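J.: Build me a model:
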Amino acid sequence: MPDFVPPVADERSALLGYLGKQRDGLLAAVGGLTEEQAWSVPSASELSLAGLLKHGAVTERRWVQAGLLGRALPELWPIVDPAGEFRREDGDTVARLLTAYREVGAETERTVAELASMDVPCLLPEAAQWSARWVLLHLIEETARHAGHADVIRQSIDGAHAADL
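T.: Modelled structure (predicted):
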């Protein structure tokens, strides 16, 4: 995995590049692990690598599809409470989570590429007055935070470091 996002000519490409880079870090942290390892909680936090993937997919899809496009989409997983985004439910497998997160990332790239501008208003929450730009910056922040969590969790599982994955 390269250390830097390639130079870009425009804001949209830069934002998508940085979001993709952080998403790649989260995906890499799960690489090569068993189901048991990916769902393990090896630190003082309640987070698992698989739970972070699930949360990342649900959160990115909600912000982009509902927030920017106003779509009322069924959730990827039926979530009863916010903490449920991190928990293992029946049918949750690492393979399913990896596929879903990659699909959500591709969906985000297509959606943002088709926006009229980065000033398109975000529809969630109502009257927030945020733009597509703000949504992408928020997703970069959120994904980077969780990629950092994932690096620490992965080190706790098998000693692997993000730079080595």
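
J.: Show me where the chain dips below the pLDDT cut-off.
T.: Applying pLDDT under 70 to the chain picks out residues 1-2, 74-82, 127.

J.: where do the helices sit along it?
T.: For the chain, the helices defined by DSSP state H occupy 11-30, 35-39, 49-61, 94-114, 132-158.

J.: buried sites along the third one?
T.: Put plainly, it is helix 49-61. Within helix 49-61, the residues scored as buried using 16 or more other CB atoms under 10 Å are 49-61. C-beta coordinates here come from the backbone N, C-alpha and C atoms, glycine included.

J.: Which residues outside it are in contact with it?
T.: With contacts defined as CB atoms under 8 Å, 6 or more residues apart in numbering, helix 49-61 is touched by 23, 26-27, 29-30, 33, 35, 37-39, 73, 75-77, 79, 85-88, 92, 94, 97-98, 100-101, 104-105, 107-108, 139, 142-143, 146, 149-150, 153-154, 157.

J.: same deal with the shortest one?
T.: Contacts made with helix 35-39 from outside it, assessed by CB under 8 Å, 6+ apart, are listed as 30, 48-51, 88, 93-94, 157-158.

J.: Can you report how many residues neighbour the residue lying closest to residue 105 once chain neighbours are set aside?
T.: Leaving aside its sequence neighbours, residue 105 sits nearest to residue 23 (CB to CB, 6 or more residues apart in numbering; 5.3 Å). Counted by other CB atoms under 10 Å, the residues lying close to residue 23 total 25.

J.: so residue 23 makes contact with residue 103?
T.: No - using CB atoms under 8 Å, residue 23 is not in contact with residue 103, being 11.7 Å away.
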